[in-house]
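Undergrad: next come a sequence and a model predicted from it.
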Amino acid sequence: MIFEINDQYAAAWIEARGQVQTNVGGVGRQRPQVRVTAVDPAVPEARCEFYGVGKLDTFTPRTAPHLTLYVWQVRGKAAAKVLERTVPYMVSEMRRDCEYILERSAPRAAS
């Protein structure tokens, strides 16, 4: 059930309900991660279908045990590719963080 979404729409969701980080998996590793959390399962499912990567999960917050949240998460090179596609459309301070993550995760040229 793919919805008609695009990179601009995905960028807005990452900024509004998402999280980006690097160094996932230990010190010295530059492994980016992108995560989007929503109350409606259609949102993370659409991300997974649109990009063709990532995993879907659910969790129940300790502070709201009656609530189930749905998560789309992607790591590593696939996360970097998602960020490369969405960063040009970001308008918040998260854009700066994403650019930094992409810069740090880029392969280094051999000397």
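TA: Sure, I can see it.

Undergrad: helices and strands around the helix or strand where Val20 lies, which ones?
TA: With the criterion set as DSSP states H and E, the secondary-structure element containing Val20 is strand 18-21. Applying 3 or more Cβ pairs under 8 Å, 6 or more residues apart in numbering; DSSP states H and E, one finds that strand 18-21 contacts strand 33-38, helix 94-105. Where C-beta positions appear, they are placed from N, C-alpha and C, glycine not excepted.

Undergrad: the same query, at a cut-off of 6 Å, please.
TA: With contacts defined as 3 or more Cβ pairs under 6 Å, 6 or more residues apart in numbering; DSSP states H and E, the secondary structure elements packing on strand 18-21 are strand 33-38.

Undergrad: ok, residues contacting the helix or strand that the strand it packs on is followed by?
TA: If you walk from strand 33-38 toward the C-terminus, the next helix or strand you reach (DSSP H and E) is helix 42-51. Applying Cβ atoms under 6 Å, 6 or more residues apart in numbering, the external contacts of helix 42-51 come out as Ile2, Phe3, Ile5, Val36, Ala38, Gly54, Leu56, Tyr70, Val71, Trp72, Val82.

Undergrad: residue contacts, the third one?
TA: With contact set as Cβ under 6 Å, 6+ apart, Ile5 has these partners: Ala46, Phe50.

Undergrad: swap in Ala10?
TA: Residues counted as contacts of Ala10 (Cβ under 6 Å, 6+ apart) are Thr86.

Undergrad: the one 10 residues further on too?
TA: Val20 makes contacts with Val34, Cys98, as judged by Cβ under 6 Å, 6+ apart.

Undergrad: any idea how far it lies from Arg62?
TA: Taking Cβ to Cβ, to the nearest Å as the criterion, Val20 is separated from Arg62 by 23 Å.

Undergrad: same thing with Glu49?
TA: From Glu49 to Arg62 the distance is 30 Å (Cβ to Cβ).
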